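**Student:** sequence first, then the predicted structure:
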Amino acid sequence: MKWKLQHYMALFASAVFGIFVGLGASVYAAREDDGESARLPLEDLRLFTEVVNRVKTAYVEPIDDATIFDNAINGILSGLDPHSAYLKPDAFKDLQINTSGEFGGLGIEVGMEDGFVKVVSPIDDTPAMRAGILAGDLIVKLDKKPVKGMTLMEAVKIMRGKPGTPIILTVVREGQNEPLEIRVVRDVIKVRSVKSKQLEPGYGYIRVAQFQVHTGRDLVKALQKLETEHGAMKGIVLDLRNNPGGVLQSAVDVADTFLTEGEIVYTKGRLPNSEVHYRATEKGTFSSLELVVMINGGSASASEIVAGALQDHRRALIVGEKSFGKGSVQTVAPLSTNDRALKLTTALYYTPNGRSIQAQGIEPDLVVERATVTRVSARSSIKEADLRRHLSNGSGEDDGTGDKAEEEQDLQATDYQLYTALNALKARTLLD
């Protein structure tokens with residue numbers, strides 16, 4: 001047993017040394033600048049091996065070495081931040097699939113908060129969205145099984161499953177006195193990154209649901225399609241609400257579509273190669289379009305990069321609610337064995353003006369909270385146009401308030417934030 005204990009200690013010491021070397025010389029340089037030595041923490045290693053030994057010999061059930069060390073690695077990562085993780089083969093494969101825009105599950109972007117699964121945002125046109133899951137919901141049980149004590153990957157594995165099978169999510173929601181039980185039926189999730197339509201003549205709407213590899217290209221196609229079908233646009237509402245983020249380069253491409261020059265975003269961390277600057281280019285820019293960008297508490301990461309860049313350059317008016325505040329960069333590094341990877345937070349995002357997004361979010365220029373607008377029932381009244389044999393005005397037209405007024409009222413009732421964003425966009429075009 002003594003030989004095994006020493007063997008484990010030597011292996012662990014080698015592993016720690018390899019991690020430090022892999023992180024680069026800057027780790028040692030930083031310690032030297034602080035007057036600290038770069039020696040390995042031998043007392044901590046002795047404590048670790050003592051714990052391993054006691055677990056192996058005294059735990060009520062036998063545990064193999066692979067499980068012990070997997071749990072140890074999970075413990076290291078789970079103690080850092082909600083976005084760093086140890087990815088086993090299935091989780092690593094899922095991460096690669098997710099960026100392609102098609103995967104199985106419920107259709108929610110999640111993180112961990114206080115040991116529970118927190119919904120960053122539901123994804124458009126998915127079972128979670130249709131079932132009424134909202135950004136900010138805390139999932140405390142999965143099919144009656146408490147989430148507390150699970151890792152995020154374990155919880156995600158339970159939520160995924162065969163399409164057509166149901167799961168009951170027990171959700172704690174702000175403003176609700178009791179937990180809600182919401183039944184969601186799993187499905188194959190196909191995320192369409194970009195959608196577009198005309199709101200009114202001259203005013204377009206583009207919804208970016210998630211930043212995938214080709215989102216920048218798809219955005220340009222959507223803008224061109226609007227102009228082909230409806231003529232030149234005066235302005236665009238870019239809807240990034242409940243967009244959980246995605247591929248960094250796609251966020252840069254989307255911002256670049258509306259900027260001719262200047263910085264879009266930069267990243268900064270401890271390693272020398274973690275400081276990267278992304279700048280706009282003039283080629284292909286839709287610089288003449290007035291722009292309003294919509295965000296809310298479900299807008300995270302890449303969404304915040306776009307909103308922050310356009311806000312700092314005074315290129316767009318930001319409308320809605322304060323964004324999520326996920327301003328950290330995760331680097332996914334494949335490990336040497338068994339198709340596993342390390343997802344590690346290595347840097348922070350900064351807007352062109354040097355604002356950190358992390359835990360701060362983007363403050364909208366015009367705050368518009370989510371609201372329901374109900375039409376007030378007025379008394380029935382008779383107008384001149386209702387009288388029999390009334391005289392026309394000679395133009396052959398009615399009073400002009402018919403269909404358009406109904407459409408405006410419908411938009412106001414169904415999506416007050418979008419209604420306000422459209423009015424703000426029209427005001428901007430009038431001021432130019």
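**Tutor:** Noted; the coordinates are in hand. Being a predicted model, the structure only gives us computed values, none of them experimental.

**Student:** pLDDT weak spots in this structure?
**Tutor:** 1-39, 94-104, 338, 372-409, 432 (pLDDT under 70).

**Student:** switch to 50 and redo it
**Tutor:** Counting by pLDDT under 50, the ranges of the chain that qualify are 1-37, 377-380, 400.

**Student:** list the contacts of the residue positioned nearest the centre of the chain.
**Tutor:** The residue lying closest to the centre of the chain (Cα atoms, centre = their mean) is residue 244, at 1.6 Å. The contact partners of residue 244, taken as Cβ atoms under 8 Å, 6 or more residues apart in numbering, are 109, 120-121, 123, 210, 298, 300-301, 303. All C-beta atoms are positioned from the backbone trio N, CA, C, and that covers glycine.

**Student:** which phi and psi does the nearest residue to it once chain neighbours are set aside have?
**Tutor:** Leaving aside its sequence neighbours, residue 244 sits nearest to residue 109 (Cβ to Cβ, 6 or more residues apart in numbering; 3.3 Å). Per-residue torsions, residue 109: phi -90, psi 130 (degrees, to the nearest 10).

**Student:** counting by contacts, list what the host helix or strand of residue 183 packs against.
**Tutor:** Taking DSSP states H and E as the criterion, residue 183 maps to strand 180-185. Counting contacts by 3 or more Cβ pairs under 8 Å, 6 or more residues apart in numbering; DSSP states H and E, strand 180-185 is packed against helix 127-131, strand 166-172.

**Student:** quick one: name whatever helix or strand follows the shortest one.
**Tutor:** Following the chain from helix 127-131 toward its C-terminal end, the next helix or strand by DSSP H and E is strand 138-142.

**Student:** now that next one against strand 180-185, angle please.
**Tutor:** Here the directions of strand 138-142 and strand 180-185 differ by 70 degrees (axes from the mean of the first three to the mean of the last three Cα atoms, to 10 degrees).

**Student:** ok now do residue 297, which residues does it touch?
**Tutor:** Contacts for residue 297 were tallied using Cβ under 8 Å, 6+ apart; they are 135-136, 321-324.

**Student:** between the contacts of residue 244, which has the most around it?
**Tutor:** residue 303 (32 neighbours; other Cβ atoms under 10 Å).

**Student:** CA atoms only: put the helix or strand hosting it into CSV for me.
**Tutor:** If you go by DSSP H and E, residue 303 is part of helix 302-312. The C-alpha coordinates for helix 302-312 follow below in CSV (Å, rounded to 0.1, in the frame of the first residue of the first chain):
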residue,chain,number,x,y,z
ALA,A,302,-21.5,36.9,-28.6
SER,A,303,-24.8,38.9,-28.5
GLU,A,304,-23.2,41.2,-26.0
ILE,A,305,-20.1,41.6,-28.2
VAL,A,306,-22.3,42.8,-31.1
ALA,A,307,-24.5,45.1,-28.9
GLY,A,308,-21.4,46.6,-27.1
ALA,A,309,-19.5,47.3,-30.3
LEU,A,310,-22.4,48.9,-32.1
GLN,A,311,-23.2,51.0,-28.9
ASP,A,312,-19.6,52.1,-28.4
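
**Student:** so what secondary structure elements neighbour that helix?
**Tutor:** helix 248-256, strand 263-269, strand 290-295, strand 317-320.

**Student:** ok, residues contacting the shortest one?
**Tutor:** Residues outside strand 317-320 that contact it (Cβ under 8 Å, 6+ apart): 241, 291-296, 299, 307, 310-311, 362-368, 417, 420-421, 424-425, 428.

**Student:** circling back to that earlier point, sheet-wise, list the partners of the strand holding residue 183 with their directions.
**Tutor:** Applying DSSP bridges, strand 180-185 is found paired with strand 166-172 (antiparallel).

**Student:** quick check, distance from the strand it pairs with to the centre of its chain.
**Tutor:** Taking the mean of its C-alpha atoms, strand 166-172 sits 21 Å from the chain's own mean (Cα atoms, centre = their mean, to the nearest Å).

**Student:** contacts for that strand?
**Tutor:** Outside strand 166-172, the residues that touch it by Cβ under 8 Å, 6+ apart are 106, 116, 133, 137-144, 158-159, 161, 179-186.

**Student:** narrow those residues to those that are buried.
**Tutor:** Neighbour counting by 16 or more other Cβ atoms under 10 Å classes 106, 116, 133, 137-142, 159, 182, 184, 186 among the contacts of strand 166-172 as buried.

**Student:** check contacts around the closest residue to residue 146 other than its chain neighbours.
**Tutor:** Counting by Cβ to Cβ, 6+ apart, residue 146 lies nearest to residue 140, which is 6.9 Å off, once chain neighbours are set aside. Counting by Cβ under 8 Å, 6+ apart, residue 140 makes contact with 116, 146-148, 170-172, 179.

**Student:** what about 7 Å?
**Tutor:** 116, 146-147, 170, 172, 179 (Cβ atoms under 7 Å, 6 or more residues apart in numbering).
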